[in-house]
Each structure stands twice: as C-alpha cells, then as structure tokens.
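Participant: okay, here's the prediction I keep looking at, along with the sequence it came from:
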Amino acid sequence: MAKKYMSLSDVVEEIFRSESEGESEGGSEAESIDSFVEDAFALGEDVAVDMTLVRRSKRPCSPSPRGAPKKRPSEPEPESEEGWHDMADEDEEPHQFPFCPRRTPGVQLDFHQDYSPLDLFRLFFTKDVLKLLCDNTNGNAARKHALGLHTPWSDVDAEDMLQYLSIVLYLGLVKPSAARDLWRKDRLHKHPFPCSVMPGYRYEAIGAFIHMSDTTADAINDQLKGQAGYDGLFRLKPLQDQILAACRAYYHPHRNLAIDERMVASKARHGMKQYLKDKPTKWGFKLFVLADSKTGYTCDFSVYQGKALTPSGNGLSFDAVVNLLRVPYLGTGYHVFVDNFYTSAALFRHLHRIHYGACGTIRENRIGFPKTKVNSLPKKAVRGDMRWIRDGPLLYVKWKDTREVSMCSSIHKAYSGKSVLRRARNPDGTWARRAVTIPEPVLEYNKYMGGVDLSDALIKYFSVTQKCRRWYKKLFLHFVDIAVVNSYILHKEMALEKQHKPITPEALQRDSLFTAS
C-alpha cells in the first residue's frame with residue numbers, strides 16, 4: 001500500500017526546491033545597497049546633514065586645475081555670534097509647549113473587562129488578520145502546485161493558522177536546534193505539545209507556504225521593478241498595515257518618546273538587506289521604531305527600503321523621524337529623544353514649529369552646529385566641566401565625562417545644579433564615588449532614550465524568529481514578536497493600574513499558546 005504522506009524531510013526539500021524555480025521574491029543580492037548615500041547610512045551618517053560628507057558628495061570627479069580656487073558648499077551658521085558659556089553663566093528656561101495628546105496616555109482598553117493572554121494577542125492577530133493569512137497562504141500553495149509542486153496540501157482555515165501560530169510561540173519558549181526536533185519520538189527530544197496540535201509535516205508545509213499578500217498582485221508589482229509605482233514592501237504591506245493599526249489603536253504613548261533603529265537579523269536574499277559591521281546584528285533588515293520611553297511599547301515603525309528616498313530633501317535621518325511622528329494621531333507637546341544619527345538643527349527646528357520638543361546627542365560636523373571656538377571646552381577639561389551656547393530655540397551643550405559628549409535640545413536649560421555619581425581614582429590609587437555635575441539634556445537623555453532598547457530587550461528574551469530562506473517570512477515572524485511584546489506591555493500596564501501583580505513575559509507567551517491550541 002502506498003504511503004499517504006511524504007516524509008517530513010521530503011516535504012521540506014521539495015517545497016524549498018520550488019522556491020528557487022522561476023519565482024521573484026522582490027529582490028536579489030545584485031540589488032544590494034552600494035551607493036555613496038547608502039554606504040554613509042551603513043556607517044550611521046547622513047549625507048544631507050554631515051558637512052564633511054556634503055563636501056565629498058559634491059566633489060567633482062575630475063581634479064581641479066592646479067591653482068584654481070576650490071568652492072565649498074555654503075553652510076548655514078548659527079545666528080548667535082557669541083562664544084560658549086560655562087556653568088557660571090545662567091541659561092534661561094526654554095518655552096515648553098503644553099502637552100496635548102489626542103487620547104489619555106496609556107492602555108486604550110476597557111479596564112472593567114478581564115483579558116486573557118490570548119485575548120491580548122488576538123488584538124493584533126484578529127479574525128480579519130487570520131483570514132488574510134489563510135487566503136493568501138492558500139493562494140500561494142495553489143500557485144506553486146500549478147507550477148508543478150507535488151507536496152501534499154489541504155487549505156488552511158483560521159483554526160489551522162492559530163494552531164500554527166501557537167507552535168511558533170512555543171518555539172520562542174523552548175528554542176530547539178531545529179523545529180522538526182519538536183516531533184521526534186526519542187525520550188531526549190520528545191515534546192508532547194506540538195504533537196497534540198498538528199503533525200510536523202503540516203507545520204512545515206504551512207510555514208513554507210505562509211504568505212501575506214495576493215500572489216497575483218505580487219506578480220503585477222514585480223513587473224514594475226525599476227519603475228514608478230513599484231513597492232519593495234508589497235509582500236509585507238497587508239499584514240504590516242494591520243499590525244501598525246493595532247499598535248496605534250490599543251495604546252497611546254506618554255509624553256517622552258524614543259526613536260531608534262532596530263535590526264531584524266537575516267541573511268535572506270533581498271536588496272533591502274543591510275550590512276552594518278559595527279553592530280551586534282550585522283546582516284538584516286533595518287526598522288525605524290517609535291517607542292514609549294516609559295514602557296517600551298512599539299507605537300509605530302517603518303521598514304527601511306534602501307535607496308535613501310528622502311522626499312523632503314532634508315536627508316534620511318530627517319524623514320525617518322518626521323514620518324513616525326503622526327501629529328493627527330499623537331497630538332502635540334511630545335518630547336522626542338534620538339541619537340546622533342538623527343539629531344540635526346533642521347530636524348529640531350522643524351519639530352519645534354509643529355510643537356514638539358527634541359533632545360539628542362549630536363555630531364559636531366552636523367550642519368548648524370556652532371563653529372565658534374571662543375571659550376570652548378578645553379581638550380584637558382576635567383570630568384564634569386561643560387560649555388553651552390543657545391541659538392534661538394536650540395541649546396547646544398558640550399560636557400566632559402570619560403569623553404566629550406555633545407548634545408542638542410529644544411526642551412532643556414543648560415544646567416540646573418544636578419550631579420551624578422562617578423567612580424574616580426584618588427591620588428593614593430584607591431577608587432571612590434564622586435559627585436560630577438551633569439547638564440540637564442544629558443540627564444534626561446539617559447533617562448528617556450532607552451525606549452526602543454527596552455522593547456528590543458523584551459523581543460530578544462522570547463523571540464520567535466527562525467532561520468528563513470524568504471525575506472518576508474523573517475519580517476512576518478518579527479511582527480509576531482511585536483504582537484507578543486506589546487500584548488505583554490498591555491497586560492502589565494492594566495495589572496499595575498488594578499494593583500495586581502503582572503505575570504511574566506514567559507507566562508504570557510505560554511498561556512497564549514496553550515489557550516490557542
């Protein structure tokens with residue numbers, strides 16, 4: 001009698017063999033980012049606002065005739081002609097815009113209702129989302145079978161998809177060396193839960209065919225590659241839009257926001273993939289993320305597509321921030337904290353005009369940074385020494401810690417008398433803790449900039465990410481990560497408001513998957 005099903009390894013081999021036969025996945029390594037602008041971005045620099053890069057990008061290809069004067073690009077100087085001030089000079093308190101959020105900050109759910117872990121997860125993976133995944137996954141399987149794939153397949157429904165997601169969450173808890181180990185029968189690897197949910201071949205097949213967009217529309221979009229109207233994120237957009245809508249709907253951020261990059265590790269073949277040699281995650285997809293500094297909740301995000309499209313003409317760093325700060329959704333009066341890739345005079349002045357405050361570390365080669373050397377911070381400044389200068393609504397600060405730190409802020413005065421404890425060596429060689437003066441922008445930056453880092457830490461703790469051959473599946477799994485972490489933050493904030501003890505992230509993820517089964 002013939003076998004009803006192929007073996008698990010045969011299923012996986014045939015499915016992935018079909019992946020490479022005549023199918024465009026929206027990019028290739030030949031499209032890898034190699035322009036001057038992209039190379040600068042990979043180093044954390046922005047050609048539009050870093051003066052040394054502005055000069056290099058405008059340098060002529062052929063050498064200038066000997067003795068010919070070299071023209072330098074015009075660089076706007078700060079309005080102030082005065083030198084730097086020290087701590088003895090009193091700075092004025094800047095005008096603060098009133099905080100006017102569109103909704104009361106915090107969780108936007110009925111606190112009189114009890115939400116199980118699965119209820120919270122289903123806020124992000126709703127019935128509509130499950131239907132979207134089922135329809136497009138079934139369509140993808142039908143297309144591949146029409147192309148000659150012979151692996152067994154039956155269409156998935158919402159219950160199948162929810163069970164598939166429960167095993168994805170389970171993988172984030174147990175982290176086996178290979179997913180197929182979950183269905184092994186030997187005592188060392190035996191896992192009762194996955195076997196009770198679905199057979200291993202079924203899980204592998206759903207994972208291989210999982211799709212977020214209509215395959216017919218994919219083909220039309222692929223034909224536009226290199227032309228106006230092509231969308232490099234087309235295979236992500238249907239699910240990405242749903243996850244973003246849920247992130248915004250069920251939580252409103254508090255006043256202090258952080259914007260930073262997040263790398264989703266991947267070596268999948270795609271032109272959007274980035275290589276950042278100085279980052280722990282060197283290969284992967286880059287996201288720009290807006291997070292609540294208080295809780296780490298991911299409020300908004302965008303996937304970086306490459307090619308540095310900057311509609312405003314003010315640079316990638318400018319547009320990345322402005323595109324995440326949706327005034328009709330957020331309101332006004334927010335304080336935004338960014339690192340030195342984003343900080344520029346142009347960005348902070350723009351945010352000031354729309355009633356947003358901003359604070360961040362800044363590179364001294366940024367256009368608009370004060371050029372004056374009068375009373376500047378000396379090279380041998382002692383720890384805690386500082387200088388400041390004000391240019392309209394912007395405050396620039398130099399402060400000596402273990403190294404020199406430069407800041408820009410539109411929401412702080414230079415110094416308010418505060419200090420921090422630092423370890424310092426005494427003349428006799430012993431160590432002691434000493435009070436070191438600290439500027440207000442540095443103090444608040446250290447307090448509020450970690451919103452995205454907090455979110456990243458929660459994601460990495462129980463990430464469901466897996467090795468994937470297809471780029472969009474890697475980002476699909478990251479969307480699951482966002483849903484799990486945001487669900488946990490919703491649970492935690494509601495529990496604290498009710499004066500209950502929150503469950504742990506592990507318990508929430510465990511309860512979600514067991515209920516899902």
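Facilitator: Alright, I've got the coordinates.

Participant: now stretch 452-460: mean pLDDT?
Facilitator: What stretch 452-460 shows for mean pLDDT is 86.

Participant: how far does it sit from the chain's center?
Facilitator: 10 Å (CA atoms, centre = their mean, to the nearest Å).

Participant: in it, what counts as buried?
Facilitator: Buried positions in stretch 452-460, judged by neighbour count with 16 or more other CB atoms under 10 Å: 452, 454-456, 458-459. The C-beta positions use only the backbone N, C-alpha and C, and glycine is treated the same way.

Participant: just the residues you listed now: which is nearest Tyr488?
Facilitator: Lowest distance from Tyr488 to the buried residues of stretch 452-460 (CB to CB) belongs to Leu458, with 6.9 Å.

Participant: before we move on, what SS does the closest one have?
Facilitator: helix (DSSP: H, G, I helix; E, B strand; the rest coil).

Participant: picking up where we left off before, want to throw the buried residues of stretch 452-460 into JSON lines with distance to Gly207?
Facilitator: Formatted as JSON lines, the buried residues of stretch 452-460 follow (distance: CB to CB, whole Å):
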{"residue": "Val452", "distance to Gly207": "29"}
{"residue": "Leu454", "distance to Gly207": "30"}
{"residue": "Ser455", "distance to Gly207": "26"}
{"residue": "Asp456", "distance to Gly207": "25"}
{"residue": "Leu458", "distance to Gly207": "24"}
{"residue": "Ile459", "distance to Gly207": "20"}
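
Participant: so how far is Asp89 from Lys371?
Facilitator: 19 Å (CB to CB, to the nearest Å).

Participant: who has more neighbours, those two?
Facilitator: Asp89 (13 against 10; other CB atoms under 10 Å).

Participant: any idea how far Gln108 is from that one?
Facilitator: 45 Å.

Participant: now do Ala268
Facilitator: 35 Å.

Participant: same thing with Leu508?
Facilitator: According to CB to CB, Leu508 stands 19 Å off from Gln108.

Participant: so between those two, which is more surrounded?
Facilitator: A count of neighbours by other CB under 10 Å puts Leu508 above the other of Leu508 and Gln108, at 25 against 13.

Participant: can you map out the strands along the stretch 301-450 of the chain?
Facilitator: Per DSSP state E, counting those that start in this stretch, the stretch 301-450 of the chain carries strands over the ranges 331-332, 335-338, 357-361, 386-391, 394-400, 404-409, 419-425, 431-437.

Participant: and those: which comes nearest Asp260?
Facilitator: strand 335-338 (7.3 Å).

Participant: tell me the helices and strands packed up against the closest one.
Facilitator: If you count contacts as 3 or more CB pairs under 8 Å, 6 or more residues apart in numbering; DSSP states H and E, strand 335-338 packs onto strand 256-265, strand 357-361, helix 440-448.

Participant: helices or strands next to the second one in the packing?
Facilitator: It refers to strand 357-361. strand 335-338, helix 345-353, strand 404-409, helix 440-448.

Participant: could you single out the most deeply buried of these?
Facilitator: strand 335-338 (a mean of 26; mean count of other CB atoms under 10 Å).

Participant: give me the sheet partners of that one and which way each runs.
Facilitator: Partner strands and pairing direction for strand 335-338 (DSSP bridges) are strand 256-265 (parallel), strand 357-361 (parallel).

Participant: picking up where we left off before, least confident of the strands of the stretch 301-450 of the chain, on average?
Facilitator: strand 419-425 (a mean of 87).

Participant: what lines up beside that one in the sheet?
Facilitator: strand 431-437 (antiparallel).

Participant: the partner strand to strand 386-391, inter-axis angle?
Facilitator: With axes from the mean of the first three to the mean of the last three CA atoms, to 10 degrees applied, the angle from strand 431-437 to strand 386-391 works out at 20 degrees.

Participant: which residues are contacting strand 431-437?
Facilitator: 87, 383-384, 386, 401, 415, 418-426 (CB atoms under 8 Å, 6 or more residues apart in numbering).

Participant: and the furthest pair within these?
Facilitator: Tyr415 and Asn426 (26.2 Å).

Participant: hmm, back to that, any idea which of the strands paired with strand 335-338 is most buried?
Facilitator: strand 357-361 (a mean of 25).

Participant: quick one: that strand to chain centroid distance?
Facilitator: With CA atoms, centre = their mean as the basis, strand 357-361 stands 18 Å off its chain's centre.

Participant: how about the helices and strands packed on strand 357-361 in a markdown table, adding distance to Leu162?
Facilitator: Compiled in a markdown table, the helices and strands packed on strand 357-361 are given as follows (distance: least, CB to CB, whole Å):
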| stretch | distance to Leu162 |
| --- | --- |
| strand 335-338 | 37 |
| helix 345-353 | 42 |
| strand 404-409 | 47 |
| helix 440-448 | 37 |
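
Participant: out of these, which gets nearest to Asn314?
Facilitator: helix 345-353 (5.4 Å).

Participant: next, the contact list for Asp339, please.
Facilitator: Asp339 neighbours (CB under 8 Å, 6+ apart): 260, 360-361, 449.

Participant: where's it relative to Ser302, distance?
Facilitator: Shown here: Asp339 relative to Ser302, a distance of 17 Å by CB to CB.

Participant: over to Glu261?
Facilitator: In terms of CB to CB, Glu261 sits 11 Å off from Ser302.

Participant: spit out the residues that contact these two alike.
Facilitator: Contacts common to Glu261 and Ser302, judged by CB under 8 Å, 6+ apart, are 287-288.

Participant: buried set for whichever helix in the chain runs longest?
Facilitator: Identified as the longest helix of the chain according to DSSP state H is helix 471-497. Judged by neighbour count (16+ other CB under 10 Å), helix 471-497 contains these buried residues: 471-494.

Participant: how about stretch 110-119?
Facilitator: Buried-residue list, stretch 110-119, by 16+ other CB under 10 Å: 115, 117-119.

Participant: does Val264 touch Val289 like I think?
Facilitator: No. Val264 is beyond contact range of Val289, at 10.8 Å (criterion: CB atoms under 8 Å).

Participant: Tyr203 - how many residues pack around it?
Facilitator: Residues near Tyr203, counting by other CB under 10 Å: 22.

Participant: re earlier: make a markdown table out of the helices and strands packed on strand 335-338 and add distance to Trp153.
Facilitator: Output for the helices and strands packed on strand 335-338, formatted as a markdown table (distance: least, CB to CB, whole Å):
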| stretch | distance to Trp153 |
| --- | --- |
| strand 256-265 | 28 |
| strand 357-361 | 51 |
| helix 440-448 | 50 |
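
Participant: out of those, nearest to His500?
Facilitator: That would be strand 256-265 among the helices and strands packed on strand 335-338, by CB to CB, at 25.4 Å.

Participant: please state the offset of the closest one from the chain centre?
Facilitator: 4 Å.

Participant: that one vs helix 471-497, what angle?
Facilitator: Using the same axes, to 10 degrees: strand 256-265 against helix 471-497 is 140 degrees.

Participant: give me the contacts around the helix or strand in which Cys134 is found.
Facilitator: Assigned by DSSP states H and E, Cys134 belongs to helix 127-146. Under the contact criterion CB under 8 Å, 6+ apart, helix 127-146 has outside partners 15, 18, 153, 155-158, 160-162, 205-206, 209-216, 238-239, 242.
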